[in-house]
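S.K.: Using only what follows, build the 3D model:
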Amino acid sequence: MSRHTDIRVTGWIARLPPAMQAYALLARLDRPIGTWLLWLPGVWGILLPQGVAPAERIRLIVLFGVGSLVMRAAGCVVNDMWDRDIDRQVARTAGRPLASGALGMRQATLFLAVLLLAGLGVLVQLNPLSRLLGVSSLVLVALYPLAKRFTWWPQLVMGFTFGFGAPLGYAAAAGQLTWAQAALYGATIAWQLGFDTIYGFQDMEDDARIGVKSTSRLMHGQARSFISSCYGTMLALLALAAIMSGASALFWPALLLPAVLLGRQASAVNPLDPGLCLTQFRANREIGLAVALALLLGLVTL
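M.R.: This next block holds a predicted model:
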């Protein structure tokens, strides 16, 4: 079994009381990258439509930041409740609170209820369409952990789940769903399929041993071409979304930065180097921010 793990018990996490530390680890507060990757598609959706007041965009971006922190934590709790037996058999996840026994199912259930109530507090501040979409996303959150048991494409299911912020953000800002939003959602799904496949390369040895399916195992022999196709699809759909939404000319030169970053990542991916895979996965925060910058500039008319 590989000894590679991404659990962090240093820094401010280490200074918490033991009981609180377990809840912080269950919520993945030691690894904020997941919150960033959940929040950024929502930011993209908020920035895509034209004609929204700047103050409203800022309000929504802040709300989505809070909601992403809370709902990412809730999703992690649901995932660990489903996967606690599998997690015990994988080196990277064996230290998770439910897998290690630091917390029990009753404690996790109560914590989940608190998180969902906090998420509801954010949701009620959005428009009716956004509330409907937000509630419907809970189906994806609940079912995503099961995907690895039934399909070789759980990372694709993750893309639909974590990328749901894109249509939700667009609906919150524009009050409707359009084909431009659909293209943006597709771009988000392709992006997340790519980087979560990279993330999953860390677990291939353990996943094969216990029979867990993943896109990472399926595509490890053609990793660079597969990741390139995911990122290429993402850029094409992102360009389509910008055209359909009427983005200004400033969007196009700004899109070159995330395109270069994505290309470099795809060309360097190595499924046999877990440390590199984790570094590349985390680098998608900067890529997502670069896309947000391009969309922001796309709102500026010359």
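S.K.: and the lengthiest helix in the chain, what does it pack onto?
M.R.: The residue-count maximum for a helix in the chain (DSSP state H) belongs to helix 54-87. When contacts are defined as 3 or more Cβ pairs under 8 Å, 6 or more residues apart in numbering; DSSP states H and E, helix 54-87 packs onto helix 18-26, helix 33-47, helix 97-100, helix 105-123, helix 128-143, helix 165-174. All C-beta spots, glycine's among them, are computed from the backbone N, C-alpha and C.
S.K.: Among those helices, which comes closest to residue 274?
M.R.: For the helices and strands packed on helix 54-87, proximity to residue 274 was assessed by Cβ to Cβ; helix 33-47 is nearest, at 15.5 Å.
S.K.: Just give me how far that closest one sits from the chain centre.
M.R.: Averaging C-alpha positions (Cα atoms, centre = their mean, to the nearest Å) puts helix 33-47 8 Å from its chain's average.
S.K.: average pLDDT for it?
M.R.: The average pLDDT for helix 33-47 rounds to 96.
S.K.: Tell me the buried residues in it?
M.R.: For helix 33-47, the buried set under the neighbour-count rule, 16 or more other Cβ atoms under 10 Å, comprises 33-47.
S.K.: And stretch 77-87, by the same measure?
M.R.: In stretch 77-87, counting by 16+ other Cβ under 10 Å, buried: 77-80, 82-84, 86-87.
S.K.: mind giving me JSON lines with those residues and columns for distance to residue 195?
M.R.: As requested, the buried residues of stretch 77-87 are exported to JSON lines (distance: Cβ to Cβ, whole Å):
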{"residue": "77", "distance to residue 195": "22"}
{"residue": "78", "distance to residue 195": "21"}
{"residue": "79", "distance to residue 195": "17"}
{"residue": "80", "distance to residue 195": "21"}
{"residue": "82", "distance to residue 195": "22"}
{"residue": "83", "distance to residue 195": "20"}
{"residue": "84", "distance to residue 195": "25"}
{"residue": "86", "distance to residue 195": "22"}
{"residue": "87", "distance to residue 195": "21"}
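S.K.: farthest-separated two in those residues?
M.R.: Taking Cβ to Cβ as the measure, these reach their widest spread between 77 and 86, a distance of 15.4 Å.
S.K.: So residue 196 is in contact with residue 159, correct?
M.R.: Yes. Look at residue 196 against residue 159 with Cβ atoms under 8 Å: they come within range, at 7.0 Å.
S.K.: Run a quick neighbour tally on the closest residue to residue 194 other than its chain neighbours.
M.R.: In space, residue 194 comes closest to residue 230 once its chain neighbours are excluded; the distance is 3.2 Å by Cβ to Cβ, 6 or more residues apart in numbering. Applying other Cβ atoms under 10 Å, we find 27 residues neighbouring residue 230.
S.K.: quick one: pLDDT of residue 230?
M.R.: For residue 230, pLDDT reads 98.
S.K.: Repeat that for residue 2.
M.R.: As predicted, residue 2 sits at a pLDDT of 44.
S.K.: swap in residue 260?
M.R.: If you check residue 260, the pLDDT there is 98.
S.K.: re the thing from before, quick check: the residue nearest to residue 194 vs residue 190, distance?
M.R.: Separation of residue 230 from residue 190 (Cβ to Cβ, to the nearest Å): 5 Å.
S.K.: try residue 11
M.R.: Residue 11 sits at a distance of 33 Å from residue 190 (criterion: Cβ to Cβ).
S.K.: try residue 246
M.R.: Applying Cβ to Cβ to residue 246 and residue 190 gives a distance of 22 Å.
S.K.: How many residues are close by the residue nearest to residue 242 when sequence neighbours are not counted?
M.R.: Closest residue to residue 242 apart from its sequence neighbours, by Cβ to Cβ, 6+ apart: residue 251 at 5.1 Å. Per other Cβ under 10 Å, the neighbour tally for residue 251 reads 22.
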